[in-house]
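> the following comprises the amino acid sequence and a computationally predicted model.
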Amino acid sequence: MKRHTPTWLNDAVFYQIYPQSFYDTNGDGIGDLPGVIAKLDYIASLGVSAIWLNPFFVSPFNDAGYDVADYYKVAPRYGSNDDVRELCEQAHARDIRVIFDLVVGHCSWEHPWFVASCREEPNAYSDWFIWTDSVWAPAPAGMEIIRGYSPRMGGYMTNFFVSQPAFNFGFAHPDPRYPWQQPVDAPGPRAVRAEVKDIIRYWFDMGADGFRADMALSLVKGDLDRRATAEVWREIRAWLDTDYPEHVMIAEGGSPAVSIAGGGFHIDFCLPWSMPAYNSLFRKRVGNEGGSAAGVDAYSFSVFDGLGHGNVREFMDAYLRHYARTRDYGFISIPEGNHDLHPRISHGRNSEEILQVFLFTMTMPGVPFLYYGDEIGMRTVEGLPCTEGSFERAGVRTPMQWDDSPNAGFSTAPADKLYLPIDPAPDRPTVGAQQDDPESLLNQMRALISLRRSHLALRADAGFQLLYAERGRMPIVYQRQGDGQRVIVAINPTGQQAAVALDLPGVASAPKALWGFADAFRKDATQWRIELPAASGGIYEVA
């Protein structure tokens, strides 16, 4: 039985904004919420229906804001809570929903709740975090425990960095050898779950339309099959379906069959750390260290690469298993990029090749997400120092490139005061340079998004049938259908011409090109022959 899903998700396209790198309005070198408000008309011009903002809450920024020190207050460098309310109002006036980041697997070690839990004497927050009962005992296998940080007799468990203590959602199977491992229904875990609801309620009432849950499947510990964690999210989903039925919860789980079918999320992503086959699409490395072989670029074994070495079945076989288990419950997103995925999608690709990536992500089932700057082909800036825990990811988090003015129009601050450096290349892509060129990557993306949102056969829940996807062969061909409409998508991401002959029942005349290469179909005896030039593809409507 299908679950209730907010109706607006069916034609949704999300635009991810890294707020500190989007647009700076006060000249301090850091993007801010007024900057997002100032650029809402541009965002609306893309045709997207929702924006997702990375964390903007009070934080010491040891992990770029994914170490929250106050869940109810905007960090001053981004603005104020009033700016959040105005952003939501202004976005809603443009029919754009606003999604925030929910980081509740852990918080900052500067959060008052954790500071209180560090005290020797028991208090209301002692059991909000996972503490062992001795600083002398070794940590159980597979657990990261920090000892000697505070006077409390014990060590705390981290979720990622040392500065990110894990909240106590309990243990799925507490080990009697470690009495500090609490069950999921202990008072501490129950209090934490209640606080998560309070955080969600606060920002929903402020105007937010949903949350993307960071490390969504990391909550309950010792939860190998993730069923206990899924139960936490199912409880939250049941509450939302009653009190906020048109709001959405998006998982950073990377395992849609668990987070959507089991956990009640509306959307989950294909992500490399939980679904390794995802990397085969755009970022498959060769060699143990991701180096190159015989002069071949490190990423040239991806499916969407000009050399054609990739194996499309590697992704499709994994995807279809998740799709079969989730299509009645929610949506899978295949992101082309985000703040964690290195390098940017433009790496090693020209505009035509980038467009084939977008043709794929915008026409597959589920809900597409577009990472800021990728719509103009922004490049990875290599060799940047670690900034706020970014490490190599700094290169995909550089400021948005608006025009050819100083700092690419991102900020009036001196260049050495910017959050991250601007791409120094003289030919760096900008919005201004592409705005009025109908053939630019920016405007081709706008056309794709418009087509995605206006055709019933391309909606999130429209039917999907894989027609051709073979190892070592191109093109990729699939069909989408819904509400009496039927389209065929054919993609050749390689640098050589590709062709295939297929039986296409019910196709009496050559399908009409809605976007892309116009003359792809030829009748060949009893079959249809689909021929595509190098780095080309299209969306074709079946009459």
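Noted; the coordinates are in hand.
> which residues in this structure form helices?
Here the chain has its helices, by DSSP state H, at 33-38, 40-46, 81-93, 112-117, 187-206, 227-243, 256-259, 279-282, 312-326, 351-363, 431-434, 441-454.
> let me have the ones you listed in TSV, adding distance to Pro424, mean neighbour count and mean pLDDT as columns.
Yep, even glycine has a C-beta here, placed from its N, CA and C like the rest. As requested, the helices of the chain are arranged in TSV below (distance: least, CB to CB, whole Å; neighbours: other CB atoms under 10 Å; pLDDT from 0 to 100):
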stretch	distance to Pro424	mean neighbour count	mean pLDDT
helix 33-38	22	21	99
helix 40-46	24	15	98
helix 81-93	31	16	98
helix 112-117	40	18	98
helix 187-206	38	16	98
helix 227-243	43	18	97
helix 256-259	39	27	95
helix 279-282	25	24	96
helix 312-326	34	18	97
helix 351-363	21	22	98
helix 431-434	16	18	98
helix 441-454	20	19	98
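> dump the ones you listed to a markdown table, plus distance to Arg480.
As requested, these are arranged in a markdown table below (distance: least, CB to CB, whole Å):
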| stretch | distance to Arg480 |
| --- | --- |
| helix 33-38 | 32 |
| helix 40-46 | 22 |
| helix 81-93 | 29 |
| helix 112-117 | 47 |
| helix 187-206 | 32 |
| helix 227-243 | 27 |
| helix 256-259 | 19 |
| helix 279-282 | 18 |
| helix 312-326 | 13 |
| helix 351-363 | 7 |
| helix 431-434 | 28 |
| helix 441-454 | 10 |
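> out of those helices, which is closest to Thr132?
Closest to Thr132 of those is helix 112-117 (CB to CB; 12.7 Å).
> what's the local residue count around Leu504?
18 (other CB atoms under 10 Å).
> for it, give me its contacts.
Contact partners of Leu504, counting by CB atoms under 8 Å, 6 or more residues apart in numbering, are Leu467, Ile488, Gln527, Trp528.
> and for Gly35?
So Gly35 contacts Pro19, Phe22, Tyr23, Asp24, Thr25 (CB under 8 Å, 6+ apart).
> swap the cut-off to 7 Å and go again
Phe22, Tyr23, Asp24, Thr25 (CB atoms under 7 Å, 6 or more residues apart in numbering).
> just give me the closest of the contacts of Leu504 to Leu458.
Leu458 lies nearest to Ile488 out of those, by CB to CB, at 11.5 Å.
> what's across from the nearest residue to the closest one once chain neighbours are set aside in the sheet?
In this structure, Ile488 finds its nearest non-sequential neighbour in Tyr540, 4.7 Å apart by CB to CB, 6 or more residues apart in numbering. Judged by DSSP bridges, the bridge partners of Tyr540 are Ile488, Ala513.
> which residues touch Tyr540?
Tyr540 makes contact with Val487, Ile488, Ala490, Pro511, Lys512, Ala513, Leu514, Ala520, Phe521 under the criterion CB under 7 Å, 6+ apart.
> ok so, going back, select only the buried ones of the contacts of Leu504 in ChimeraX?
This is how ChimeraX selects the buried members of these, with burial counted by 16 or more other CB atoms under 10 Å:
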select :467,488,528
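> which pair in the contacts of Leu504 has the greatest spatial separation?
Across the contacts of Leu504 (CB to CB), the longest gap, 13.7 Å, separates Ile488 and Gln527.
> let's see if you can find the most crowded of the contacts of Gly35.
Among the contacts of Gly35, the one with the most neighbours (other CB under 10 Å) is Asp24, at 27 neighbours.
> correct me, but that residue touches Gly409?
No: contact criterion CB atoms under 7 Å: Asp24 and Gly409 do not qualify, at 9.9 Å.
> where along the stretch 51-200 of the chain do the strands fall?
Using DSSP state E, counting those that start in this stretch, the strands of the stretch 51-200 of the chain run over residues 57-58, 70-74, 97-102, 145-147, 155-157.
> let me have these in TSV, adding distance to Thr229, mean pLDDT and mean neighbour count as columns.
TSV is the format used below for the strands of the stretch 51-200 of the chain (distance: least, CB to CB, whole Å; pLDDT from 0 to 100; neighbours: other CB atoms under 10 Å):
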stretch	distance to Thr229	mean pLDDT	mean neighbour count
strand 57-58	23	98	22
strand 70-74	20	98	16
strand 97-102	14	98	23
strand 145-147	20	97	17
strand 155-157	15	98	23
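> tabulate those (a markdown table), appending distance to Trp113.
Shown next, in a markdown table, are these (distance: least, CB to CB, whole Å):
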| stretch | distance to Trp113 |
| --- | --- |
| strand 57-58 | 13 |
| strand 70-74 | 9 |
| strand 97-102 | 16 |
| strand 145-147 | 16 |
| strand 155-157 | 12 |
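> which of these sits closest to Asp214?
Closest among the strands of the stretch 51-200 of the chain, once you apply CB to CB, is strand 97-102, at 5.9 Å.
> could you please name the strands that closest one pairs with and the direction of each pair?
Partners of strand 97-102 in its sheet, by DSSP bridges: strand 50-53 (parallel), strand 210-213 (parallel).
> so which of the ones you listed is nearest Pro414?
Each of the strands paired with strand 97-102 was scored for nearness to Pro414 using CB to CB, and the closest is strand 50-53 (26.0 Å).
> from the chain's centre, how far out does the closest one sit?
10 Å (CA atoms, centre = their mean, to the nearest Å).
> which of the contacts of Tyr540 lies closest to Ala457?
Closest to Ala457 out of those is Val487 (4.6 Å), distances taken as CB to CB.
> roughly how far apart are the residue lying closest to that closest one once chain neighbours are set aside and Pro475?
The shortest distance from Val487 to any non-neighbouring residue, by CB to CB, 6+ apart, is to Ala457 (4.6 Å). For Ala457, the distance to Pro475 (CB to CB, to the nearest Å) stands at 19 Å.
> ok, those two, which is more surrounded?
More crowded of Ala457 and Pro475, by other CB under 10 Å: Pro475, with 27 against 22.
> residues contacting the closest residue to His347 other than its chain neighbours?
Ranked by CB to CB, 6+ apart and with sequence neighbours excluded, the top spatial neighbour of His347 is Thr380, at 5.6 Å. By CB under 7 Å, 6+ apart, the residues touching Thr380 are His342, Pro343, Arg344, His347, Gly395, Val396.
> can you put those in JSON lines and add pLDDT and distance to His173?
Shown next, in JSON lines, are those (pLDDT from 0 to 100; distance: CB to CB, whole Å):
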{"residue": "His342", "pLDDT": "95", "distance to His173": "36"}
{"residue": "Pro343", "pLDDT": "96", "distance to His173": "40"}
{"residue": "Arg344", "pLDDT": "98", "distance to His173": "41"}
{"residue": "His347", "pLDDT": "95", "distance to His173": "43"}
{"residue": "Gly395", "pLDDT": "98", "distance to His173": "41"}
{"residue": "Val396", "pLDDT": "98", "distance to His173": "38"}
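> buried members of those into ChimeraX, please.
Those of the contacts of Thr380 that count as buried under 16+ other CB under 10 Å are selected in ChimeraX with:
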select :342,343,344,347,395,396
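> distance to Tyr178 added to the contacts of Thr380, as CSV?
Shown next, in CSV, are those (distance: CB to CB, whole Å):
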residue, distance to Tyr178
His342, 37
Pro343, 42
Arg344, 44
His347, 45
Gly395, 41
Val396, 40
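> surely Gly210 and Ile99 touch.
Yes: with contact defined as CB under 7 Å, Gly210 counts as touching Ile99 (4.5 Å).
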